[in-house]
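[1] Task: produce atomic coordinates for the following.
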Amino acid sequence: MDTADAQEKVLQLVFASPRPVTVGFVAFNLGVQYQTARALLLILMAQGRINGERSTRSWTFKPVRKKSEVNSLLDSVRQYSNVER
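    Numbers count the residues shown, from 1 in each chain. Down below sits the predicted model:
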């Protein structure tokens, strides 16, 4: 499996998951070593293709929201806050 193919598979896992994924989750599902999965995830994060968050114990990763999705969410919040109660 070459790097581009591995990165694509990691992206598919991250975007298909309803929750943030861990390095261990990616390693298990791709059948690769923990360090390989971590390297792939950190490369994708550095490229801006996924978001990563470091906790006290580990990293978690989730899809990057597109600007249009963020704007849509903000519009929904604005509309809700303008509704009279």
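[2] Send me stretch 5-18 as CSV with only the CA atoms.
    Output of stretch 5-18 as CSV, limited to C-alpha atoms (Å, rounded to 0.1, in the frame of the first residue of the first chain):
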residue,chain,number,x,y,z
ASP,A,5,-3.5,5.0,-1.1
ALA,A,6,-3.1,4.8,2.6
GLN,A,7,-4.0,8.4,3.1
GLU,A,8,-7.1,8.0,1.0
LYS,A,9,-8.2,5.0,3.1
VAL,A,10,-7.6,7.0,6.3
LEU,A,11,-9.7,9.9,4.9
GLN,A,12,-12.5,7.4,4.2
LEU,A,13,-12.4,6.1,7.7
VAL,A,14,-12.4,9.6,9.3
PHE,A,15,-15.3,10.9,7.1
ALA,A,16,-17.3,7.8,7.6
SER,A,17,-17.1,7.8,11.3
PRO,A,18,-19.9,9.6,13.2
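[3] any idea of the mean pLDDT in it?
    Here stretch 5-18 scores 93 as its mean pLDDT.
[4] Of all the residues in stretch 18-32, which ones are buried?
    By neighbour count on 16 or more other Cβ atoms under 10 Å, the buried set for stretch 18-32 is 20-23, 25-27, 29-30, 32. From N, CA and C alone the C-beta is placed, and that goes for glycine too.
[5] so how many other residues sit close to residue 9?
    Neighbour count for residue 9, taken as other Cβ atoms under 10 Å: 16.
[6] Is residue 11 in contact with residue 43, as I believe?
    No - taking Cβ atoms under 8 Å as the definition, residue 11 is not a contact partner of residue 43, at 11.1 Å.
[7] I figured residue 15 hits residue 63, correct?
    Yes - using Cβ under 8 Å, residue 15 is in contact with residue 63, at 5.0 Å.
[8] more neighbours, the two?
    Set residue 15 next to residue 63 and count neighbours by other Cβ under 10 Å: residue 63 wins out with 16 against 13.
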